[in-house]
Every structure is written in C-alpha cells, then in structure tokens.
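[1] Need a 3D model of the following:
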Amino acid sequence: MKPPIFLVSTGRCGSTMMTDIVRLHPKLLSLSEFFVSLSNRSFSSRVLDGEQFWNVLSVLSRTVSEMFAKGSRVDRLLYKFGPEARFQPANVPPILCITLPHLTDDYEALYAEMEPAIRSRGPAPIGEQYLFLFDWLCRRLGREMAVERSGASLMFVSILGDMFPEARFVHIYRDGRDTALSMQHHAYFRLIARFSRFVRRLGMNPYRRPFVYGSNPLYGPIESLTFRFSPLEGWLDKGLSLEELGSFWSDMVTAGQTYLRAQPPGRVMDLRYEDVLERPRAEMARFMEFLGPDFADERWLDQVSQIPQRPPSSWATLEPERQARLTAACRPGLTMLGYA
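    Predicted coordinates:
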C-alpha cells in the first residue's frame, strides 16, 4: 500500500464533498471521519497490542455514548439502527458510526471479518497499528491508497505528520466567515469549540504539544469530570456567537498552517473551496496530479467535475456591524490563507 494521504481542514469547508469525491475513485480507499470518531483516544497511546487497538476501534468514548443516549447524533451518522441491527446507540463501535458504512453497504460483515485480524496483532506503535488497518482495508476492498478525512483535523495535523512521516496532506479550506456560519448549525462543532475554550482556561492549548486534542490521556478524565458536574446537554444546546466560532476557526487555521508551511516541498497541497466551486475540473485535475500518475483517471475526473455546486455566500448578507465583528474574529486565519 502507498503511504496515506490526509485531507485536513477545520470542517464545514467542503471536506465532506472531497470525501465523497475520493470515494468514487476506483483505486482510493476513502476513510471518512476515522480519527475523529475515535474521539480523545485517537493518539493517546504509544504502543498497543491487538486487543488494546481493537478496544480503541470498537468502544465508544463516554462522551459520544452519552450524546447518543440523550438523542444527539453525529453529523452524517451512517450506521442504521433498528431491530435488525447488531448494535444500538449505546454500544455502536466508533468505526461503524461513519467510516465502514461509507465504504460498503455490508459494513457489519466487514467489521466482523476485521475483528480477528486486528485482535491477533502483537504489540506495536499505534501508528503501525493504524497503517496495518489501512492496508488490510485496501487489500480487502481492492484499493491502492488510503485517503483519510476527519472534521477539525487541523487540530491534530502535527500528530498525523509525526506519526506518519511518509504521509502527504491536502489542506482544504474556505472563507472562515462562511465556515463559522456553517458551524453554528452543527452541535459537534459547537461542542468542540466550547470545550477548546474551556481547556484553554485550564492552561491547556489543544492546538499545541503536549495538549493536542486526542493525544493527551488527560482529556478522557477531564471530559468525564466536566460532563458529570456540568450536564452535556447544556454544552450541546447552548449556542456560541459567530465571533467565538470565528476565533475557533482562526485558531485552528493558524496552528495547522504553521505546521503545514514548515513541511518539505511536495508534501502538502492547498485546496481552496471557492476555487473548487469556480473551476471544478481544473482543481480536481490538480488534485489527481498530486495523487500521482498511478491515479490518473479521466473517467473519474469527468464524473467528479460535476459534483461541486455553488452555495450562496452567506457572511456577506450579514448586517455591516456583524460582518465587521466576524471579520475581526477571523482575521488572523483570513490573513494567513489570503482572504484579507
């Protein structure tokens, strides 16, 4: 298997569209929301054996389990609950929430087939365990390269870069003002934005080592204690101002771009969402070139060039005073990405 590619972003910026585009390529394994589904345990262990790694893949974090129990659902949840389903919201494995159903309709059979292959593994660094899983899925589904995409992955892009030194990155981004408006309507982003603000008040920066979210074992206990004394539904239901979400977007962009710009030539491709909407064929041809000559496919290019559709520009319809406040909150990220 070729080294993986990671589609990294703040979320709410066209990354889901790119996952669907990748899924249509006959040689690419499209891993949707893989790392984010594993929540605060994604990178918190250095070495795991097969049983421990299977536990990471198959046991929901307490926070997500509580969200499901209270009726909340992860965006784009693909697992179909019902009387015939093997799992219910309280015990559905994280890898079955989105990742495996995105790959095949027979996702429960794939999950069952995967289990012995993972559990029989000996101890290995967690990065090697992930690469084994990606390779197993590629071989099982007849693909040649894994492309993983998780919402808000700019928060942990430096972890991915160190853990997978041969991996490459595609950074897809969108005007932060439109991104903040989109985040306002999604409980997951409101939750992580509020939690990020909360842990920063505790002196922990979730965008910087050693507190990058998902990489520090303190996050599990902090989440459990926090939501024990401050009900989770309050965190989910309470809104955030556009300025707060704009600042959250900007913090992710500045931290992620600082890391990505330090990478050697050829490791990172920038993909501007507005350009994909404006000239989809040219941008998808550029993406195909970045994948490499083995992935040239004119038929695929013809197909995916029809997918992007231009949404209305929403931030520009705000009242001038709200535009100014939102722009000020987003300014560091806007400047770094060239929107200023």
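[2] okay, now Val47: neighbour count?
    Val47 has 12 neighbours, counted by other Cβ atoms under 10 Å. In this view, the C-beta of every residue, glycine as well, is placed from N, C-alpha and C.
[3] same check, this time on Ala340
    11.
[4] could you list every residue that touches it?
    Ala340 makes contact with 331, 334, according to Cβ atoms under 8 Å, 6 or more residues apart in numbering.
[5] Can you show me the strands along the stretch 201-340 of the chain?
    For the stretch 201-340 of the chain, the strands defined by DSSP state E, counting those that start in this stretch occupy 268-272.
[6] which stretches of it have low pLDDT?
    Within the stretch 201-340 of the chain, no stretch falls below the threshold (pLDDT under 70).
[7] Surely Leu7 is in a strand?
    Yes: checked against DSSP: H, G, I helix; E, B strand; the rest coil, Leu7 lies within a strand.
[8] can you tell me which residues contact the residue nearest to the spatial centre of the chain?
    For the chain, Ser150 is the residue whose C-alpha lies nearest the centre (Cα atoms, centre = their mean; 1.2 Å). By Cβ under 8 Å, 6+ apart, the contact list for Ser150 reads 33-37.
[9] swap the cut-off to 10 Å and go again
    6-9, 11, 15, 19, 31-38, 42, 98-99, 156, 160, 214 (Cβ atoms under 10 Å, 6 or more residues apart in numbering).
[10] Give me the subset of those residues lying in helices.
    Counting by DSSP state H, the part of the contacts of Ser150 found in helices is 15, 19, 34-37, 99, 160.
[11] Specify which member of the residues you listed is nearest to His171.
    Using Cβ to Cβ, the shortest approach to His171 within the ones in helices among the contacts of Ser150 belongs to Ser15, at 9.8 Å.
[12] Surely the closest one touches Arg76?
    No: counting by Cβ atoms under 10 Å, Ser15 stays clear of Arg76, with 11.1 Å between them.
[13] So which of the two has more stuff around it?
    More crowded of Ser15 and Arg76, by other Cβ under 10 Å: Ser15, with 26 against 15.
[14] Now that we're looking at that one, what pLDDT does it have?
    Listed pLDDT for Ser15 reads 95.
[15] pLDDT weak spots in the stretch 1-150 of the chain?
    In the stretch 1-150 of the chain (pLDDT under 70), the answer is 66, 69-75.
[16] let's go with 50 and repeat that
    The stretch 1-150 of the chain contains no residues with pLDDT under 50.
[17] residue boundaries of the helices in it?
    15-23, 34-37, 50-58, 62-69, 94-97, 99-103, 107-119, 126-141 (DSSP state H, counting those that start in this stretch).
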